[in-house]
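In: Requesting a structural model of the entry that follows:
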Amino acid sequence: MFGSVKKLFSSNSSEANTKEETIDKSSESLTTFNNKENTSLSFKPELIPSLKSEHQHLLSLYTQIMGFAEKKNYSLLTEVLAEFASLLKDHLGKEGIELYVGLEFSPNIDDPKIFRDFRREMSNIASIVVKAINKHTKIAVTDETVDQFIKEFSDLGGVLVERIEREESVLYPLYC
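Out: Now for the predicted structure:
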């Protein structure tokens, strides 16, 4: 599993990481998605590259966390785990506000039920990942708990890689 994280991590190039408001009607470079109620949401061409860049950063942090756990460097593990948790929270928020809302109004979504099912599945996966992170940010990893931490975070890595692969191969192309 750890090999799949490394493989995924090395397969994508680093891309710009920008944050913007969900609705920005002032930019001429943006197009809009229109729904039946005649409301619109701005399309951001930089959103997907930004999300992919965040994926790479998350995987890099994950790799560091696992390395620190294996070397029993608990202070750096705790520091990087906190950074990982913060980035993941921001990333999930960006997806929830900018990506998922944008996709609800996208002309590329023929059947909204399929999109809602995918969104629900992704929420469940995110919940598993966040629960594991919260557990280990509250309870310090020690010599007595490191083996359990490594096992849980190896499993978490599998969930994380699955989520990233599905988002990048199935969900993100729908945003274009």
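In: hang on, residue 141 in a strand?
Out: No. Assigned with DSSP: H, G, I helix; E, B strand; the rest coil, residue 141 falls outside any strand and is coil.
In: can you map out the strands along the chain?
Out: 31-34, 40-43 (DSSP state E).
In: Among these, which one carries the weakest average confidence?
Out: The weakest mean pLDDT among the strands of the chain belongs to strand 31-34, with a mean of 40.
In: From residue 54, how far out is residue 136?
Out: 21 Å (CB to CB, to the nearest Å). Heads up, the C-betas are built off the backbone N, CA and C, glycines and all.
In: same thing with residue 108?
Out: 22 Å.
In: Who has more neighbours out of the two?
Out: Between residue 108 and residue 54, residue 54 has the larger neighbour count (other CB atoms under 10 Å), namely 21 against 11.
In: what's the burial count for the nearest residue to residue 135 once chain neighbours are set aside?
Out: Using CB to CB, 6 or more residues apart in numbering and skipping the chain neighbours, the partner closest in space to residue 135 is residue 152 (7.9 Å). Here the number of neighbours of residue 152 (other CB under 10 Å) works out to 14.
In: cool, and residue 129?
Out: Neighbours around residue 129, by other CB under 10 Å: 19.
In: Hmm, residue 157 and it touching each other?
Out: No. With contact defined as CB atoms under 8 Å, residue 129 does not reach residue 157; the gap is 9.7 Å.
In: Spit out the contact partners of the nearest residue to residue 70 once chain neighbours are set aside.
Out: Once flanking residues are discounted, residue 70 sits nearest to residue 150: 6.8 Å by CB to CB, 6+ apart. Counting by CB atoms under 8 Å, 6 or more residues apart in numbering, residue 150 makes contact with 66, 69-70.
In: Quick check on those residues: which are buried?
Out: Buried by 16 or more other CB atoms under 10 Å: 66, 69, out of the contacts of residue 150.
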